[in-house]
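Undergrad: Let me see the structure of the following:
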Amino acid sequence: MSTVEDSSHQHVTDPASPREADGRSHALKMIRNIGVMAHIDAGKTTTTERILFYSGRVHKLGNVDEGSAVMDWMVQEQERGITITSAATTCLWQGHQINVIDTPGHVDFTVEVERSLRVLDGAIGVFCGVAGVQPQSETVWRQAKRYRVPCIAFINKMDRMGARFPWVVANIREKLKINPIPVQLPIGKEDAFEGVVDLVTMKAYSFDRESLGAHVTEMAIPDHLSDAAAVARTHMLEAVAELDEEILDDYLGNRDISVERLKAAIRRITLGHLGVPVFCGTALHNKGIQPLMNAILDYLPSPLDVPPVRGHDLKSGAEVVRQASDFEPLSALAFKIANDPYFGKLVFVRVYSGCLKKGQAMFNPRTRKRERLMRLMQVHANQREDVDVLYAGEIGAAVGLKAASTGDTLCTEQSPILLERISFPEPVISMAIEPKSQGDKDKLTQSLAILSDEDPTFRVNMDPDTGQTLISGMGELHLEIIRDRMMREFHVKANAGKPMVAYRETIEQPASATSVFDRELGSDRHYAAVEIELKPRPRQSGNEVFIKARPDEIPKEFHDSVLEGIESGLLTGFLANYPLIDVEVCVKHGAFRPEDSTDVAFRSAAMMALREAISQANPVILEPIIAMEVIVPEEHLGDVLGDLNSRRGRIKEMAAQDDAQIIHADVPLAELFGYATALRSLSRGRASSSMEPSAFDVVPKELQQQIINR
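TA: Below you'll find the predicted structure:
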């Protein structure tokens, strides 16, 4: 037996790769930008902490339960034992630079996963060895699929009672509709779990308890596992051969396949989104992490292995392609905003091409303005390290970009490019908030502005009827964390009302309307006419607004005013002042007079025409629907089902898991306030639930009038 020190790593890169600057610490092919994603409590942060420990980035193991995890640095994270904000860090392993983002698992903070996956090249999906694929696991996997992020899977908690490696693999295949390829086999199970068999090298690895798993011992496969390992390797080879033609020829010819060629094939499959290599271990008890770290290098992409970033030219709208190279024109994406007590506004950026330099003047295509970078930093959780340059493929933070917001492109004015912005879900819950004293009023306004700048799913609005300030977010916990941060970070004392559902409005049939604005305001005449056609769109498809009117009907200089009027009308809705969603608005015709037409007239005419069209289009109120998973012991099943039915829940499916039942249901958010307490009472504390926003659906007619009359 011997201690493992290194392993070979194959890389699929173009031999004619773009040139790199001399000042780089690591070549592009030696960089990995990865995220760790999973359902809440599957072990993401613990896995990340081990990666940092074994790479030498930290010298003491952090523990989530003790509140000592490096990546959970916020006070609220340490108190609750959950990840709230995505934390970035950089570590070195086997001569490679790994930039890691640890993402939250709670559904209220899904925005952090969304914006992280937008800028990452690869991801590790962590699954609980007992629970398998959970609701938020499915959500983050869908997000990764949408951004075409290659993934590997890590089945964690293999030492827990009830952990079943083959069952979780089958669960991944069934629920995520992907091809999982187990490349490891666990040695032992539950509390007897002691290591892994690598089916690629056909070696076994155990992890020394005294050194907290830092010493890894390579050994022959235990005799009692040799037959199972041989069968598992055959299944792995069959799966690889089905998906990779190079291996298929050797496999059908019964020829030996070298470790290097097999790794290269699995890498091609992973990068091509054809399959997902599956690993196992227990992060909490320090087993299986180093092979996972090797897998990051072996199977996840470098910036050279992913397609070049694509954007649009500001003037012509033509597609612009930028290769991952230090010598291409600069293109970078601001994917996260954070408020630092020492540095002020921090803008987290991913550099796709070119070099970002301290003191450089940056051009923001959204604002059409330039700002100068005062400082650049590499980030380790809440610690910062100053650097002079961020090179292509790197992730860091910038200081001095006061006008930047999440999703903004950063480039040079000489070579502008507009990258695709990040899309975020709509808030589903609101709460009224007001300062306790006049002295807190300004601090409240300032803190809300900073927090909404940081978090695109946190919105601040004014109720037009009551004048109250309303804050909206993704759930009760989300708003609770916001309130807690206002009190601790900004020292704001405020009163908050009860959480309220953030309803929406939409229409059920097409309609058209024309409005003429012809008035004398002061001494000036204002004239405009606008004809609008309104149509419903599929649910969750968003709004689409466009102008088809001829230039002689509505001149181009008034288009912005027409669009402003429509956007304003969509925000205020029709029935109960809730935003209108999933509609198509077409401005078909209009009229103007050169001497009388003004921006005010076109803005007002557009808004009036929209409201008239909505009134004829059968407007309805939509409510957010929550997809729930409830795990309940058999003896309490009837009570829990009855309670869900009383909450207007729709049971979608039920499945048995040992002596418990798993219920999947869609339930209106309005019926779920206090559900966790009710579930504990119904099941004597034995049931558990998880939930995520699913969609908006029409409110029953008998409840719609109650909402309008509030």
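Undergrad: For M377, see how far away R233 is.
TA: 46 Å (CB to CB, to the nearest Å). C-beta coordinates here come from the backbone N, C-alpha and C atoms, glycine included.
Undergrad: Equivalent analysis for A163, please.
TA: Relative to M377, A163 is positioned 40 Å away (criterion: CB to CB).
Undergrad: Between these two, tell me which one has more neighbours.
TA: Set A163 next to M377 and count neighbours by other CB atoms under 10 Å: A163 wins out with 24 against 20.
Undergrad: Based on its surroundings, how many neighbours for the nearest residue to that one once chain neighbours are set aside?
TA: Leaving aside its chain neighbours, A163 sits nearest to G129 (3.5 Å; criterion: CB to CB, 6 or more residues apart in numbering). Neighbour count of G129, defined by other CB under 10 Å: 27.
Undergrad: Model confidence at G129, what's the number?
TA: Predicted confidence (pLDDT) for G129: 93.
Undergrad: What of F490?
TA: 83.
Undergrad: With adjacent residues omitted, what lies nearest to it?
TA: For F490, the spatially nearest residue (CB to CB, 6+ apart) is S447, at 3.8 Å.
Undergrad: Assess the claim that the one you found and R488 are in contact.
TA: No - taking contacts as CB atoms under 8 Å, S447 lies outside contact range of R488: 10.7 Å.
Undergrad: So between the two, which is more surrounded?
TA: Using other CB under 10 Å, the more surrounded residue of S447 and R488 is S447, with 21 against 12.
Undergrad: Got the phi and psi for the more buried one?
TA: S447 adopts backbone torsions of phi -70, psi -40, taken as degrees, to the nearest 10.
Undergrad: Kindly report the same for F335.
TA: Torsion angles, degrees, to the nearest 10, at F335: phi -110, psi -10.
Undergrad: residues contacting it?
TA: Contact analysis of F335 by CB atoms under 8 Å, 6 or more residues apart in numbering lists 115-116, 118-119, 348-350, 406-407, 422.
Undergrad: Which of those fall within helices?
TA: Among the contacts of F335, DSSP state H puts 115-116, 118-119 in helices.
Undergrad: Hmm, V126 is touching M37, no?
TA: Yes - with contact defined as CB under 8 Å, V126 reaches M37; the gap is 7.2 Å.
Undergrad: so where's the stretch 301-450 of the chain uncertain?
TA: 381-382 (pLDDT under 70).
Undergrad: which residues in it form strands?
TA: All strands of the stretch 301-450 of the chain, identified by DSSP state E, counting those that start in this stretch, fall at 309-312, 319-322, 331-340, 344-353, 356-357, 361-364, 369-372, 375-380, 383-387, 389-390, 395-399, 409-411, 418-419, 429-435.
Undergrad: And the spatially most central residue of the chain, how close does it get to R710?
TA: Nearest to the mean C-alpha position of the chain, counting by CA atoms, centre = their mean, stands E114 at 1.7 Å. Relative to R710, E114 is positioned 32 Å away (CB to CB).
Undergrad: R504 now?
TA: From R504 to R710 the distance is 15 Å (CB to CB).
Undergrad: Compare these two (neighbour count), which wins?
TA: Taking neighbours as other CB under 10 Å, R504 and R710 compare with R504 leading, 20 against 7.
Undergrad: is that one in a bridge, and if so with what?
TA: L622 (DSSP bridges).
Undergrad: Give me the pLDDT for it.
TA: pLDDT for R504: 92.
Undergrad: How about the contacts made by it?
TA: 426, 573, 578-581, 621-623, 696.
Undergrad: and if we set it to 6 Å?
TA: 578-579, 581, 622, 696 (CB atoms under 6 Å, 6 or more residues apart in numbering).
Undergrad: Narrow these to those in strands?
TA: Of the contacts of R504, the ones assigned to strands by DSSP state E are 622, 696.
Undergrad: Going by distance to S452, which of the contacts of R504 wins?
TA: P579 (16.1 Å; CB to CB).
Undergrad: Please determine how far I626 is located from E671.
TA: Per CB to CB, I626 is found 9 Å from E671.
Undergrad: Number of residues surrounding E653?
TA: 8.
Undergrad: Longest helix in the chain, please.
TA: Under DSSP H, the chain gives helix 223-243 as its longest helix.
Undergrad: Please report phi then psi for A502.
TA: In this entry, A502 is assigned phi and psi values of phi -90, psi 90 (degrees, to the nearest 10).
Undergrad: ok, how many other residues are close to it?
TA: 23.
Undergrad: Repeat that for the one 5 residues further on.
TA: A count of nearby residues for I507, using other CB under 10 Å, gives 24.
Undergrad: what does Y342 give?
TA: By the criterion of other CB under 10 Å, Y342 has 7 neighbours.
Undergrad: and it, what are its phi and psi?
TA: According to degrees, to the nearest 10, Y342 has phi -100, psi -40.
Undergrad: From R375, how far out is it?
TA: Separation of Y342 from R375 (CB to CB) stands at 11 Å.
Undergrad: swap in V140?
TA: When V140 is compared with R375 (using CB to CB), they lie 32 Å apart.
Undergrad: So those two - more neighbours on which side?
TA: Under the neighbour definition other CB under 10 Å, V140 and R375 were set side by side, and V140 has more, 26 against 16.
Undergrad: Confirm that one sits in a helix?
TA: Yes - counting by DSSP: H, G, I helix; E, B strand; the rest coil, V140 is part of a helix.
Undergrad: which non-adjacent residue is nearest it?
TA: Leaving aside its sequence neighbours, V140 sits nearest to M37 (CB to CB, 6+ apart; 4.2 Å).
Undergrad: Now do the contacts for T406.
TA: Taking CB under 6 Å, 6+ apart, one finds 337, 456 in contact with T406.
Undergrad: who does the nearest residue to A239 once chain neighbours are set aside bridge with?
TA: Nearest in space to A239, with sequence neighbours left out and distances taken as CB to CB, 6+ apart, is I181 at 4.8 Å. Taking DSSP bridges as the rule, I181 bridges to P277.
Undergrad: so I181 sits right up against F279, yeah?
TA: No - using CB atoms under 6 Å, I181 makes no contact with F279, being 10.4 Å away.
Undergrad: Compare neighbour counts for these two and give me the winner.
TA: Neighbours were counted for I181 and for F279 using other CB under 10 Å; I181 has more, 25 against 22.
Undergrad: who touches the helix or strand where L292 lies?
TA: Taking DSSP states H and E as the criterion, L292 maps to helix 289-299. For helix 289-299, the external contacting residues (CB under 6 Å, 6+ apart) are 7, 9, 32, 34, 50-51, 54, 93, 96, 152, 154, 216, 263, 266-267, 270, 277, 279.
Undergrad: Sitting in helices, which of those do you find?
TA: Among the contacts of helix 289-299, the residues falling in helices (DSSP H) are 50-51, 54, 263, 266-267, 270.
Undergrad: list the contacts for T469?
TA: Each residue near T469 by CB under 6 Å, 6+ apart is listed here: I433.
Undergrad: Any chance of the backbone angles for it?
TA: phi -80, psi 130.
Undergrad: start at 97 instead
TA: Will do, 97 is the new start, and the previous item becomes T565.
Undergrad: Paired strands for the helix or strand where I197 lies, with orientation please.
TA: If you go by DSSP H and E, I197 is part of strand 192-198. Sheet pairing here is set by DSSP bridges, and for strand 192-198 it gives strand 127-134 (parallel), strand 183-189 (antiparallel).
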